[in-house]
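Participant: Have a look at this prediction, sequence included:
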Amino acid sequence: MRSPSLRSLATAACLLVASVLGAACDAERASSGAARREVLRFSAIPDQNSTELREKFDRLATHLAERLGVPVLYQPATDYAASVEMFRGGDVLLAWFGGLTHLQAVDAVPGARAIAQGEEDRAFTSTFIAHRDTGLVPSAEFPRGIADFPFAFGAESSTSGRLMPEHYLRRETGLDAQRFFQHALVFSGSHDKTLALVAAGNVKCGAVSSAVYEANVRAGKIDPEVVRAIWVTPPFPDYNFTAHPALETRFGAGFTAKLAAELLALDDPALLAAFPRRKLVAAQNADFEPLRRVAVELGLLR
């Protein structure tokens, strides 16, 4: 049998080296490709018109992608519970939550934490509204007359559209909402929908975020003579951006701090209009713990 020539051996060796190097390059390309495909997805509770929210949060996603150097995508949520579930499952790693949904999220995901909130969220309020046909007018006293009319909360898990309005209703009247109102309660699903129901007279009274009410009045979407602000609650902590601990494993150590810094640096009114807030300030989980006792009392947290 003829022995392999030196040329054949050399050729085989070259082919082997090329194969190994090719495999290594393929692996490196696959690895870098996976890194490129890692997208920071964030969501928000759908407390306002979903189409408008998407337009506003898409602009924020574009801004954050430019600043952070990673793809950022806004992922709409169908309802409040869905936003918490997406966060629980790691489908979104950042969420603009209300105070109650924040508590639900941090209970579901150990290590999750609030990183930014609106300056206004340190002392947020809800506004009780009434259609002018009710004859109810603004008052410093809790408007007990709303008991006689159909009433709408927002979403069942809304802090400013249900949790705190019902808390103050109980405090002022000694009754829960089911016993206080003479008509079946309506849960509209969002502040915008509550405003629309009252404006149309389909529901005569309701409770909404003061910030959303005021923004709609400024924009001319709501006539304050038709949809009257009749009582404003005492202040409470509310919305914030909550960060998932998986941010650190998916995007590298220190990424959460970098993300928080970019949120706190926002100064473009067009970007801040997504919330809407004047500016964002630092937040921590302890800021929202005062809501926990109220949520437990209402059966919204265990």
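Facilitator: Done, it's in. Residues are numbered from 1 along each chain as shown.

Participant: Low-confidence regions, the stretch 101-250 of the chain specifically.
Facilitator: Across the stretch 101-250 of the chain, nothing is flagged by pLDDT under 70.

Participant: That one: strands as residue ranges?
Facilitator: Remark: strands assigned in the stretch 101-250 of the chain by DSSP state E, counting those that start in this stretch are 113-118, 126-131, 151-153, 186-187, 205-209, 227-232, 240-243.

Participant: Quick check: which of those strands is nearest to R59?
Facilitator: Distance to R59, taken as CB to CB, is lowest for strand 240-243 among the strands of the stretch 101-250 of the chain, at 15.8 Å. C-betas here are computed from N, CA, C, even on glycine.

Participant: quick one: contacts of the closest one?
Facilitator: 87, 93-97, 99, 102, 105-106, 112-117, 121, 256, 259-260, 263, 280, 283, 287-288 (CB atoms under 8 Å, 6 or more residues apart in numbering).

Participant: In ChimeraX, how would I pick out whichever of the residues you listed are buried, leaving the exposed ones unselected?
Facilitator: With 16 or more other CB atoms under 10 Å as the criterion, this ChimeraX line picks the buried residues out of the contacts of strand 240-243:
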select :87,93,94,95,96,97,99,102,105,106,112,113,114,115,116,117,121,256,259,260,263,280,283,287,288
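
Participant: ranges for the helices of the stretch 1-150 of the chain?
Facilitator: Applying DSSP state H, counting those that start in this stretch to the stretch 1-150 of the chain gives helices spanning 6-37, 50-68, 80-88, 99-108.

Participant: What is the third one packed up against?
Facilitator: By that I understand helix 80-88. strand 40-44, strand 94-97, helix 99-108 (3 or more CB pairs under 8 Å, 6 or more residues apart in numbering; DSSP states H and E).

Participant: how about JSON lines for these, with distance to E66 added?
Facilitator: Below are the helices and strands packed on helix 80-88 laid out as JSON lines (distance: least, CB to CB, whole Å):
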{"stretch": "strand 40-44", "distance to E66": "12"}
{"stretch": "strand 94-97", "distance to E66": "16"}
{"stretch": "helix 99-108", "distance to E66": "27"}
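
Participant: nearest to R293, of these?
Facilitator: Closest approach to R293 among these (CB to CB): helix 99-108, 10.7 Å.

Participant: So which elements touch that closest one?
Facilitator: Contact analysis of helix 99-108 by 3+ CB pairs under 8 Å, 6+ apart lists helix 80-88, strand 94-97, strand 113-118, strand 240-243, helix 290-297 as its packing neighbours.

Participant: now those as a markdown table including distance to L271?
Facilitator: As requested, the helices and strands packed on helix 99-108 are exported to a markdown table (distance: least, CB to CB, whole Å):
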| stretch | distance to L271 |
| --- | --- |
| helix 80-88 | 20 |
| strand 94-97 | 13 |
| strand 113-118 | 13 |
| strand 240-243 | 13 |
| helix 290-297 | 27 |
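
Participant: Buried residues, stretch 194-204. List them.
Facilitator: Per 16+ other CB under 10 Å, stretch 194-204 contains these buried residues: 194-199, 203-204.
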